[in-house]
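Enquirer: next comes the sequence, and after it the predicted model I'd like to discuss.
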Amino acid sequence: MRAVTSLARIQAMRALATVPVLVAAILNTGYQYLVAVDVAGGDGPHDWRDRAVVSFGIDVSDPIVVDVIVAGLVHVLPVFGVALLTGLVWDLVFAAQRQRRLESGVFVIALIFTLLMPPAVSLIHVVFGMSFATVFGKHVFGGEGKTFLNPALVGAAIMQISFSAALTGHPLWTGIAGYAGTRAFANYHQQGPDGFAWMGIDWWGSFVGNVPGMMGTTSVLAVVLGGAILLLTRIASWRLIGGQLLGMIFMATLVNGLAGAAGVATLAWYWHLVLGSFAFGAVFVATDPASSASTNAGRWIQGFVAGALVVIIRVANPAHPDGVIAALLLASILAPLIDHIAIWFNVRRRAARDG
């Protein structure tokens, strides 16, 4: 009973920590949508979301705060509702088959999965991705607390593999390259700093969250507020978060040094921090207790590997601009091995000291 209570508390704290990110997702998605519609000149509805926004009588040329919130909710709530319903259906199926009580983590999984999605994601794709996350990311391993991968991460990864080009033709979200992340990295590869100027991207706006992107990953400020809750309640490991930051800074500095010697411009580490989903992934995905390293040394190593891999993928593969999902997935797979090596070294060190 104590284990069940502890797990429920962890899930409750993780849900609470996402509140600032969810608020930022609603506001920024609504704002970016209305700006895109205004720029497009209101050339007619492109999908059901446009028709829903039009039905509320929003003045695109002069929106107020309520209009921004409504436009954001039209994008965020249906995705979350479909993801939650899909997860609940699969949880009920497995609970009935195993004759167990319904697990509490589906809400957090659906929420994080939603925040990793682009604003115009197809709801059919959401059903597919959330089904994969619930079945193959959680239940095939026995349920909550028994997985070695974050289920939301598994769902986002399969979406990225299966529907990577799903949004390339959407006229209102040109700043997003499918499910891979933000087109800012690709533009920087092609045009250098001028690519950011062309997209209207500045560092402070990226930190606050005033850029197009996955719904919950644009505001580093909101992620910091949510991360503070996880750290204060000791749900997340500060070593794991710190390791990712160190890995990212080290690899970005190393790459910049090598590229500078060759006369090639690359992104500074502080740009890697605010663009894409690095911050969100580091705080809300990598720190899942069931899918991260258990030893203190292992957490530092896993975090360092994840942060370094993000930079390597971003620099070496412009076709896969963000790299966070792939990096976190690989780091999570390596976590048990990292723990095993850390424990082995610790045992050997103690044996040498005592012998």
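Expert: Cool, got the structure.

Enquirer: pretty sure residue 213 contacts residue 276?
Expert: Yes - if you go by Cβ atoms under 8 Å, residue 213 and residue 276 touch, sitting 7.2 Å apart. The way it works is simple: take the backbone N, C-alpha and C, and place the C-beta from them, glycine included.

Enquirer: tell me which element residue 218 falls in.
Expert: Under the criterion DSSP states H and E, no helix or strand holds residue 218.

Enquirer: skipping adjacent residues, who's closest to it in space?
Expert: Once flanking residues are discounted, residue 218 sits nearest to residue 209: 4.2 Å by Cβ to Cβ, 6 or more residues apart in numbering.

Enquirer: list the contacts for the one you found?
Expert: 24, 27, 28, 218, 219, 220, 221, 222 (Cβ atoms under 8 Å, 6 or more residues apart in numbering).

Enquirer: number of residues surrounding the fifth one?
Expert: Taking other Cβ atoms under 10 Å as the neighbour definition, residue 219 ends up with a count of 27.

Enquirer: got phi/psi on it?
Expert: Main-chain torsions, residue 219, degrees, to the nearest 10: phi -100, psi 100.

Enquirer: which residue packs closest to it, ignoring adjacent ones?
Expert: With Cβ to Cβ, 6+ apart as the criterion, residue 219 has its nearest non-adjacent residue at 2.7 Å, and that residue is residue 209.

Enquirer: the helix of greatest length in the chain: what's the following helix or strand?
Expert: Secondary structure of the chain per DSSP state H: the longest helix is helix 65-98. Next along the chain after helix 65-98, taking DSSP H and E as the criterion, comes helix 106-115.

Enquirer: what's that following helix in contact with?
Expert: Applying Cβ under 8 Å, 6+ apart, the external contacts of helix 106-115 come out as 11, 14-15, 18, 21-22, 25, 76, 79-80, 83-84, 86-88, 91, 129-130, 133-134, 137-138, 150-152, 155-156, 214-217, 280, 284-285.

Enquirer: buried sites along stretch 314-334?
Expert: For stretch 314-334, the neighbour count (16 or more other Cβ atoms under 10 Å) marks 314-315, 320-329, 331-332, 334 as buried.

Enquirer: show me where this structure has strands.
Expert: Along the chain, counting by DSSP state E, strands occupy 176-177, 181-182.

Enquirer: quick one: contacts for the closest residue to residue 243 other than its chain neighbours?
Expert: Using Cβ to Cβ, 6+ apart and skipping the chain neighbours, the partner closest in space to residue 243 is residue 303 (2.2 Å). For residue 303, the contacting residues are 239, 240, 241, 242, 243, 244, 245, 246, 247, 282, 286, 331, by Cβ under 8 Å, 6+ apart.
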